[in-house]
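K.L.:
this one's sequence-less:
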RNA sequence: GCCGGAGUGGCGGAAUUGGCAGACGCGCACGACUCAAAAUCGUGUACCCGGAAGGGUAUGAGGGUUCGAUUCCCUCCUUCGGCACCA
């Protein structure tokens, strides 16, 4: 027996790491004789220091990859760096370090830190996105997308600092007043011509997750992000001769100025009483009348100063201004005013909406605020109407009449005016009520019925609120009768002042169409489809599907990114750089102004080039690509990072792709994971890749919070540094603790004393194996139960590895260790059962704590390497229990437990329970009414 | 506001998906070893009543379904994420 010595991770960990490296133990090469497994963890950004969050993401993923390896898979588990991006430029501006220098120094450091983890990365597959050999192909992909019509240019606003003369990211804009982080200048929006990828062409396909094993949560997030909605596009002609609006007869419409709106509710078209355009809408200037110009311009400016977040905030009161222009509602020819408001976004739909205030909550609030007409066009499904009977407006016998008619109402004192009646009507009571009202209404009064029906009863007849004209007619009569309502601009504004009516004035449900001309009466379940078809036959619209998803903005006005390989020729327009001239290299000789203006723009010669088509003078694109472009295909570069004839070696691709298991944070659920799926599908359609999805199985880890339960950040000073932990406890302990301390998909706050438990576990395994146990003759029963526990644990650990339940893997191993210690005390060390236990135990540990497992494997005299060993097989017979604990309940409460043979019959279990003294005691002499036997678990006696 | 997750001892968490609540670990208490401390080992540790045997109460709150609910249903509260004037 070798000398026993204390556990020293600082010695054994580096030793095995270099051994594995030297032997190429984790080399992942094509091997058609073995099933492949491509395990991928999200590409880290080389910020300089490896964070505990990186460990939390990578160490359990590594353990899972190692488990798959032991299961017989040929596993590729690569690592690389997402090395373009803003922080490198910030370092350049603040500290005068070149982004390249800063980035590659960080990478060097992080490689060392990553090695200390003892992960099975095959570094021969490393890919670094800022290497020219890498971004060569990022550029190449751009050109392919361009050639296939999936890349295009359009104007798009950015946050811009006019003082620094530079575009700002959202994180560079600070404070309520939205000022520049460097110079405090208020930020403005600047419209720039920029490159986009047509992600929206794939919107429908991106909603299909049928071939994916992805968490429901992520699929929901993506589905909402893509945001499919069905409805119709409708064209509203702009009325260009403003003076004729008043004249009414000679309305001339200009069909060159059609405003297209997207609506999910074409069935409400007859209720569209105004339109709202986004302040950025291209027709705004044309529509705006001279007298409204100043106000509109002010509002537009104000809207551009707001962030999207501010514009989209719901707690803010809606604002807008009238443009002075009118459009014609195409279904009824009525002129409707055109407004602009910041709640309409140019990036969604067509940037213009038809407003139906009677059936859209936002539009209702907007119309009430600005006095715009509100006309109900969809019947209330519940049919409820309400009527307030003004004090003194009816003859005194009216209440008895109502009671006799079975109509529900309450009488209440209304201020000093007297007693009013608050009537609630069912659908079939309205006509009867109107008839009664006509008999009882006193001269020079009116009564309104609102909700299910919209009727105004006057001395001489009944008016219905069915359009803009009747709105004004009714209002005029009411004002004449009761001057206090004179300030109201619409009928709805007038009735909205009465709280009693609040719940019946507006609804957004589907229902039978009313007040809708020839379409009135169309039932709610078919109205939408019927109108969409009708619009098409009339040539004023069509059924349409709209997505919330936007095209992907690729352009960044930055230096440290992959150049966009495009050349602008005055004669030939935008042309791609010929593929044999790639990569377009980033110039190293760049200088920063303290303002952060992109040095590519300032470079004296870089942008000057010739047109690949005509050979004339031309200019390079000086914008670079979004780094999400680099991370959309890194899993492909990993396959063959040195390959020079294409982005990847097709043979290697054919073996490894798709990614079998992808692990990473939930924060990438929408952006990165949608971009990479889009990228893969586009590449498939261009004949570059095969299959429809790049990553088959996705699993997310949660977040490690600081000990104060807050998000870790340098400013809070709650950051946990893995290097210190590795130094103090060893990588194995850190790995084990990260797997143990929380459910992986949930994450949890860090607990610096909790890690002691994992450290103790690792040390106890060390002692168990290396220190001799007492001699003795262990009871055969004890050895049998040790073996049972071993195989039960193996079963649990196997199950938990399959399901990414890492915390219970470690706790199961801890439990078994406790039993092993007890067995050792009883002299089990010399037995075959003991040998088997150690053999299996170390193999179960190997994915979790690879170094100590290797060291102890060699200690017990097994051949190098444990990481070449197969995953142990569960012996079901050995794992089987002989007895169970039968729980005895009386009326659902546990009263006793019996140890019985595992195969006990239902009858025997019932008999045993009924014969039990404690059960009898708790029955207190009652006869059992019912006995429930759950085989193998419990007997519940109900009595 | 909408969508989704979570809420279990002093703390992190477990519970084969309707069947023994609190595995495992941290912490704490007591004990052993030690001159002492650390480390290590052992014992105990949800709460209440009780000397004990035992009994009662407990999985955010309240209701429901069920022989039986941490698990399913309804209402509400707290909290964490994501999305959001989406027409």
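P.N.:
The structure has been received and is ready for your questions. The model shown is predicted, which means the values in this text are computed figures rather than measured ones.
K.L.:
can you tell me the closest non-neighbouring residue to residue A:769?
P.N.:
residue A:856 (4.8 Å; CB to CB, 6 or more residues apart in numbering). For glycine as for every other residue, the C-beta is placed from the backbone atoms N, C-alpha and C.
K.L.:
gap between the one you found and residue A:619?
P.N.:
Distance from residue A:856 to residue A:619, counting by CB to CB, to the nearest Å: 65 Å.
K.L.:
more neighbours: which of those two?
P.N.:
residue A:856 (24 against 14; other CB atoms under 10 Å).
K.L.:
read off the pLDDT value for that one.
P.N.:
For residue A:856, the pLDDT comes out at 96.
K.L.:
re the thing from before, what residues sit buried inside the helix or strand encompassing the residue nearest to residue A:769?
P.N.:
Using DSSP states H and E, residue A:856 sits in helix A:850-859. Within helix A:850-859, the residues scored as buried using 16 or more other CB atoms under 10 Å are A:850-857, A:859.
K.L.:
tell me the one of the residues you listed nearest RNA strand B?
P.N.:
residue A:852 (15.2 Å; CB to the nearest atom of the strand).
K.L.:
right, and that closest one touches residue A:12 too?
P.N.:
Yes. With contacts counted by CB atoms under 8 Å, residue A:852 reaches residue A:12, the gap being 6.9 Å.
K.L.:
enumerate the residues of the stretch 401-550 of chain A near RNA strand B.
P.N.:
Contact residues, the stretch 401-550 of chain A versus RNA strand B (CB under 7 Å from any atom of the strand): A:546, A:548.
K.L.:
what segments of the stretch 401-550 of chain A are helices?
P.N.:
Ranges of helices within the stretch 401-550 of chain A are A:430-440, A:468-481, A:491-496, A:524-538, based on DSSP state H, counting those that start in this stretch.
K.L.:
mind checking which helix or strand the residue lying closest to residue A:263 once chain neighbours are set aside is in?
P.N.:
Residue nearest to residue A:263 in three dimensions, not counting chain neighbours: residue A:231, with 5.1 Å by CB to CB, 6+ apart. Using DSSP H and E, residue A:231 sits within strand A:228-239.
K.L.:
check whether that strand comes near RNA strand B.
P.N.:
Yes. Shown here: strand A:228-239 in contact with RNA strand B (CB under 7 Å from any atom of the strand) through A:229, A:231.
K.L.:
okay, now the sheet partners of that strand, with direction.
P.N.:
If you go by DSSP bridges, strand A:228-239 pairs up with strand A:253-263 (antiparallel), strand A:321-328 (antiparallel), strand A:541-547 (antiparallel).
K.L.:
any buried residues in that strand, and which?
P.N.:
Applying 16+ other CB under 10 Å to strand A:228-239 flags A:231-239 as buried.
K.L.:
switch the residues you listed over to CSV; also include pLDDT and distance to residue A:202.
P.N.:
What follows is the buried residues of strand A:228-239, written out as CSV (pLDDT from 0 to 100; distance: CB to CB, whole Å):
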residue, pLDDT, distance to residue A:202
A:231, 90, 21
A:232, 92, 23
A:233, 92, 21
A:234, 93, 26
A:235, 93, 27
A:236, 93, 30
A:237, 91, 34
A:238, 89, 34
A:239, 85, 39
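K.L.:
any weak-confidence spans in the stretch 51-200 of chain A?
P.N.:
Across the stretch 51-200 of chain A, the ranges flagged by pLDDT under 70 are A:175-176.
K.L.:
where exactly do the strands run in it?
P.N.:
Applying DSSP state E, counting those that start in this stretch to the stretch 51-200 of chain A gives strands spanning A:74-76, A:80-81, A:127-128, A:151-161, A:166-167, A:173-174, A:179-180, A:188-197.
K.L.:
show me the contact partners of the fifth one.
P.N.:
Spelled out, it's strand A:166-167. A:158-160, A:190, A:192, A:556-558, A:595-598 (CB atoms under 8 Å, 6 or more residues apart in numbering).
K.L.:
next: stretch A:933-943.
P.N.:
A:884, A:886-892, A:902, A:904, A:906, A:909-910, A:912-914, A:919, A:923, A:926-932.
K.L.:
go on, stretch A:883-902?
P.N.:
A:880-882, A:904, A:908-909, A:912-913, A:916, A:918-919, A:922-923, A:936-943.
K.L.:
could you redo the last one with a cut-off of 10 Å?
P.N.:
Stretch A:883-902 is contacted from outside by A:880-882, A:903-904, A:908-909, A:912-914, A:916-924, A:926, A:928-929, A:932-943, using CB atoms under 10 Å, 6 or more residues apart in numbering.
K.L.:
list the buried residues in it.
P.N.:
So for stretch A:883-902, counting by 16+ other CB under 10 Å, buried means A:884, A:886-890, A:895-896, A:898.
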